[in-house]
Structure formats: structure tokens, C-alpha cells
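Asks: Could you look at this predicted model? Sequence included:
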Amino acid sequence: MNAPTTLDALPRFASPLKAIESLKPSEPLYLVHPEKFAAAAETFLKGFPGDVLYAVKSNPHPIAITHLWNAGIRHFDTASLGEIEAVKSLFPAAVCHFMAPVRLAGQAKAAFERHGVTDFVVDSESELTKLLAETGNPKKLRVFVRLVAQLGGALLEMSSKYGCRPEEGARLLRKIAASGAQPCLTFHVGSQCLSPFTYAQAIEIAQQTIRLAGVKIAALDIGGGFPAAYAGQEPPPYHWFFDMIATALDNLAMPDLNVMCEPGRALCAPGISLVTQVVMRRDDRLYMNDGIYGSFDEQRFASFDENYPPTGITLDAKGKAKTLTGELRPFRFYGPTCDSADVLPRPVMLPDAVAAGDYVLFGTMGAYTVSSRSPFNGYYPDAWAVIVS
Ligand SMILES: *Cc1c(COP(=O)(O)O)cnc(C)c1O
């Protein structure tokens, strides 16, 4: 199955400059880069030693899901019935895995019965009991115990809300095995994880849990967390992560283990950039048409100290789009809503010439941007174009 027609109907341009020249967008404009989605998917499908699940919460837009599907992604980490339905309505052959350890009542039953979902996560006995009761056929299930992997290699931790320690994990693995379901393990080292070694440490926690439990596990899902390349820093290359993970898996000495990963950010961040416009300039303050309540939501998190790479763009007297040059200086970047909190936590570096009516293009904007925008105060970025190179 290929892209839905809505995708084919988007305007297409040879470059971001051409898109700006032609559309002169006064509302934020998402630019889709199909070849970047394809490259990200290929990196994981070729390099990761196991199944690659796309974590839908990082960008559930049909444009992201469709480009990743077209690039060969067939497995999806879905955390709610809504996400499962969004994926299945686009691609009925997609394989969904329900990887949230706490589910609303009835969602496991609907996922299992209506959508054939057989992979579920738990981190407590009460959710295991509920899962087994709702699905009623343990022999068909693989149940993953979510472990705490609080190892400090990531900018956004993912272990304080969900997960259990090895002793509790081992107890749950034995209960799962006793129920007739296949016991499995998973963890999330945290998002934007810049340290490949963190995955090896987490795999050791899994190994310790297996030893304590004394049961054979059917699958190990090493979660997401793989970093995107934001402004001014190069994360370690992905092959360092894959090599480190492969070595740690070799040490497990479980040759028939089904290994999985759930990248979100790494698969969808590079494929979308964003054109914003300067509505007004006052000294070093830029009043923009998008902000914290729109595409910049993730900047709210104090520990996420990444910046999206900015490029200043102006239209000359003939209406041609040109990249602004000159010495960079820091600007305060205010969003369009009336809320004083609608300001980016760090300055954006742009040429001093930037003026009202100019544009700022931000790269690497596919992850946790589109997914968490809100219509607060009547602003909702939702214009799209495709860049074909
Ligand atoms: C959010 C999430 C992911 C994706 O994490 P990234 O850091 O975007 O790769 C994967 N698995 C689970 C369980 C998640 O909650």
C-alpha cells in the first residue's frame, strides 16, 4: 500500500527557499523531507540487530507514519487504543505492539480482539491480572515486564513513572510464565540518550532479572531513546549504539531471543523542518507565529537543552527568498499566544539584520512537535508542503 491521496495533494517544492518564495506563509509551515524519513528508517532497518518498531507518540501524523511505512517500517510501538486505530486505519497490515504498562480499562481487550495485538507491557501485578482477565487467552500473549533503567545517559528520563526493579521484575516474569503467556523484558533508557554504553548497562539489568527469575524470556525490547542531531552538536553515530547493543546481546548468550527496539525521535525528527515568520521585532525580541504551545512544546522541559537549528531567510525587493547572512546575535523568541510563558527558554542565534516579515527555518523538527501542539489561544500550526530534492 502506498501514500494516501492527501499526501499526494500537498504542494511540492524543490527547496525550502522555493516554498517560502511561492507561499509567503504567514502561518507556520511544516516542510516534509521524504528522503530523510527514508534514510532514518534505513539506518535502523539495516543497522539494528532485531525488529524496529516506530514509537508513534513521537509523531502520530499520517504523513510521518506513511513515510516510515513506505521506507519499510512494519512494526509500531503504540501506547493507546487511539494510536493503534490511527496506524491500523492507514495500514491494516501494520503490526502494533501495546507498549504502555498502564492501560485504560477495556483497551487491552479491544486491542487484542479487534486489532490482533498480542504484545503488552506490565510493571505491576495488578495490571498483569487485568491484562489476563481482559484478553482471556494467555497462550497467545507475549507480556513484557518494564524495568527501571535510570542510568543517566539521556536528556529526558523515562524510568521515574514506569518500571520495576529486578527483584519485582523477576517475580512478574515467573507469574507471566505460570499464566501460560510468554515472558519478555523491556526498558526505556530515556529520550535523547547520548551515551551508547547506557544500553549495554540496561541490558545487564535485564540479564540480572532473567537470572533472578530463572525463566527463559522470548523477547527483549530495548526501547527508544536514540538521539537526533540538534543544533551545534553531533550525537555519537548510530553504529556505535548498534555495535554496543550487539555486543551486550552476545553476552546474554540467548541466540533465539527476539530483539526489538522502539525509536521515535530518531526516526521522525530529521524528516520535518518548520518555517516560522517574524511578526514583529522589538530590539532583541522576536514575536513569532509559533511557540511553546505550538511546535516548540518540548522546549518546556528544563533538562531538554537542545535547540532546533535556525536559518534566517528574507524576501528581497524582487520577492526572491535569500538566506540572511552577517554576524549572529541572540534573540528572545516569543510565541503568538498572550501567555507570558510563551517564550523559548534559550535565545535563538540569528543575523542582526532579521526584521518583521522575515522567516526563520528550523531543522530537525519532526519529533515531539506536531504530536504535542495545542490549539491554545486560537493558534494551531497545520500547514504542510513537501520538499522534493
Ligand atoms: C516515548 C517512548 C518511546 C520513544 O522514545 P524516543 O526517545 O522518542 O525514541 C519508545 N518506547 C516507549 C515505551 C516510549 O514511551
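Replies: Looks like it came in fine.

Asks: quick one: buried residues of the lengthiest strand in the chain?
Replies: The longest strand of the chain (DSSP state E) is strand 272-282. Residues of strand 272-282 classed as buried under the neighbour-count rule (16 or more other CB atoms under 10 Å) are 272-278. C-beta here means a position set from N, CA and C on the backbone, and glycine is covered the same way.

Asks: mind saving the C-alpha coords of that strand as PDB?
Replies: C-alpha atoms of strand 272-282 as PDB (Å, rounded to 0.1, in the frame of the first residue of the first chain):
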ATOM      1  CA  ILE A 272      10.400  17.600   9.100                       C
ATOM      2  CA  SER A 273      11.500  21.200   9.200                       C
ATOM      3  CA  LEU A 274       9.400  24.200  10.100                       C
ATOM      4  CA  VAL A 275       9.100  27.700   8.500                       C
ATOM      5  CA  THR A 276       8.100  30.400  11.100                       C
ATOM      6  CA  GLN A 277       7.700  34.100  10.400                       C
ATOM      7  CA  VAL A 278       8.800  37.100  12.400                       C
ATOM      8  CA  VAL A 279       5.600  39.000  13.100                       C
ATOM      9  CA  MET A 280       7.300  41.900  15.000                       C
ATOM     10  CA  ARG A 281      10.800  42.800  16.200                       C
ATOM     11  CA  ARG A 282      11.500  44.900  19.200                       C
END
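
Asks: mind listing what that strand pairs with, with the direction of each?
Replies: Strand 272-282 pairs in its sheet with strand 29-32 (antiparallel), strand 285-288 (antiparallel), strand 359-362 (antiparallel), by DSSP bridges.

Asks: does the next helix or strand after the first one come close to the ligand?
Replies: Scanning forward in sequence from strand 29-32 by DSSP states H and E, the next helix or strand is helix 34-47. No. When contact is scored as CB under 6 Å from any ligand atom, no part of helix 34-47 falls within range of the ligand; the minimum is 10.5 Å.

Asks: Which is the succeeding secondary structure element to helix 34-47?
Replies: For helix 34-47, the following helix or strand on the C-terminal side (DSSP H and E) is strand 51-55.

Asks: Whichever helix or strand comes after that following strand - contacts with which helices or strands?
Replies: For strand 51-55, the following helix or strand on the C-terminal side (DSSP H and E) is helix 62-70. Judged by 3 or more CB pairs under 8 Å, 6 or more residues apart in numbering; DSSP states H and E, helix 62-70 is in contact with helix 5-8, helix 34-47, helix 81-90, helix 265-268.

Asks: Repeat the analysis, applying 7 Å as the threshold.
Replies: Applying 3 or more CB pairs under 7 Å, 6 or more residues apart in numbering; DSSP states H and E, we find helix 62-70 packed against helix 34-47, helix 81-90.

Asks: For that helix, give the mean pLDDT please.
Replies: Regarding helix 62-70, the rounded mean pLDDT is 97.

Asks: Start the count at 302 instead of 1 going forward.
Replies: Sure, I'll start numbering at 302, so the last one becomes helix 363-371.

Asks: so that helix versus strand 352-356, what angle?
Replies: Orientation note: helix 363-371 sits at an angle of 170 degrees relative to strand 352-356 (axes from the mean of the first three to the mean of the last three CA atoms, to 10 degrees).

Asks: need the residues of this structure near the ligand, please.
Replies: Counting by CB under 6 Å from any ligand atom, the residues of the chain near the ligand are 356, 358-359, 378, 400, 489, 492, 524-527, 563-567.

Asks: Report the buried residues of stretch 679-689.
Replies: Residues 680, 682, 685-688 are the ones in stretch 679-689 that count as buried (16+ other CB under 10 Å).

Asks: go on, stretch 328-340?
Replies: Neighbour count says stretch 328-340 has 328-335, 337-339 buried, by 16+ other CB under 10 Å.

Asks: what do you get for stretch 390-399?
Replies: Quick answer for stretch 390-399 (16+ other CB under 10 Å): 392, 395-399.

Asks: Kindly report the same for stretch 583-591.
Replies: The neighbour-count check on stretch 583-591 (16+ other CB under 10 Å) flags 587-591 as buried.

Asks: cool, stretch 597-608 as well?
Replies: Using 16+ other CB under 10 Å as the test for burial, stretch 597-608 gives 597-600, 605, 607-608.

Asks: which residues touch that stretch?
Replies: Residues outside stretch 597-608 that contact it (CB atoms under 7 Å, 6 or more residues apart in numbering): 456-457, 493, 531-533, 591, 593, 636, 645-647, 669-670, 673-674.

Asks: Sort out for me which of the buried residues of stretch 679-689 are in strands.
Replies: Within the buried residues of stretch 679-689, residues falling in strands by DSSP E are 685-688.

Asks: In the residues you listed, find the pair that's most separated.
Replies: Put simply, by CB to CB the two of these set farthest apart are 685 and 688, 10.9 Å from each other.

Asks: okay, and the common contacts of these two?
Replies: Common contacts of residue 685 and residue 688 (CB under 7 Å, 6+ apart): residue 333.

Asks: before we move on, the earlier item: looking at the buried residues of stretch 328-340, which one is closest to the ligand?
Replies: Nearest to the ligand, judged by CB to the nearest ligand atom, of these is residue 338 at 14.7 Å.

Asks: what's the spacing between that closest one and residue 642?
Replies: As judged by CB to CB, to the nearest Å, residue 338 and residue 642 stand 32 Å apart.
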